[in-house]
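1. Sequence and predicted structure are below.
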Amino acid sequence: MLIAPIVIFGILIVLVLIVVGVYNRLVRLRNRFKNAFAQIDVQLKRRYDLIPNLVETAKGYLSHERETLEAVIKARGIAVAAAGNAARKPGDPGAMNELNGAENMLTATLGKLFALSEAYPNLKADQTMLQLMEDLRSTENRIAFSRQSYNDSVNTYNIARESFPAVLFAGTFGFTVVEFLDATLSEEERQAPKVEF
């Protein structure tokens, strides 16, 4: 008679240990993808800080290209807002989709600015512009590496969350599916910008 309660108690202890282990693993993985997103956020802020300097430098040379310069500033503002929202809720599908769209729009408008700068030899040779463009390229590379790290962390987290036995407890403990941060451009954004004079 004493063996049955001991076996039941032992089974309960094993189940509790499994749940605690699953919970702790999911917490560790969630913190890892949040940290990875924080690295992206640092690079995005660096990028956003460079853009106004780039526009100011280009403004002197591209005075009649005001529309393009305003589009870059507007896209930057939208991207800053989306990045702030995503930083408050890393992994949230809505926030990640908003950030993806804003970043794609900013990349497309910057591409138009760079294409325009190619048509102006004085701007192309300006040392400040050259340095800013190099800093921006370097930052873009850092963002790409950070994005890859984030997406790898999200993938590990999502797999752990959807695997057995975690799938039994994840929803109960508030561990939801996390969205990747894609760098995919639409077909229109992939097209080289057309510069007409």
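-> Right, received. Where do you want to start? Numbering: from 1, shown residues only.
2. The residue lying closest to Val167 once chain neighbours are set aside is in what secondary structure piece?
-> Nearest residue to Val167 in three dimensions, chain neighbours excluded: Arg161, at 7.1 Å (Cβ to Cβ, 6 or more residues apart in numbering). C-betas here are computed from N, CA, C, even on glycine. Counting by DSSP states H and E, the element that carries Arg161 is helix 127-162.
3. what's that helix packed up against?
-> When contacts are defined as 3 or more Cβ pairs under 8 Å, 6 or more residues apart in numbering; DSSP states H and E, helix 127-162 packs onto helix 3-59, helix 93-118.
4. That one versus helix 3-59: what angle between them?
-> Orientation note: helix 127-162 sits at an angle of 160 degrees relative to helix 3-59 (axes from the mean of the first three to the mean of the last three Cα atoms, to 10 degrees).
5. Tell me which of the helices and strands packed on helix 127-162 approaches Phe175 most closely.
-> Evaluated over those, closeness to Phe175 peaks at helix 3-59, with 4.9 Å, by Cβ to Cβ.
6. So which bits of the next helix or strand after that closest one are buried?
-> Following helix 3-59 in sequence order, the next helix or strand is helix 66-88 (DSSP H and E). Using 16 or more other Cβ atoms under 10 Å as the test for burial, helix 66-88 gives 68-69, 71-72, 75-76, 78-80, 82-83, 85-87.
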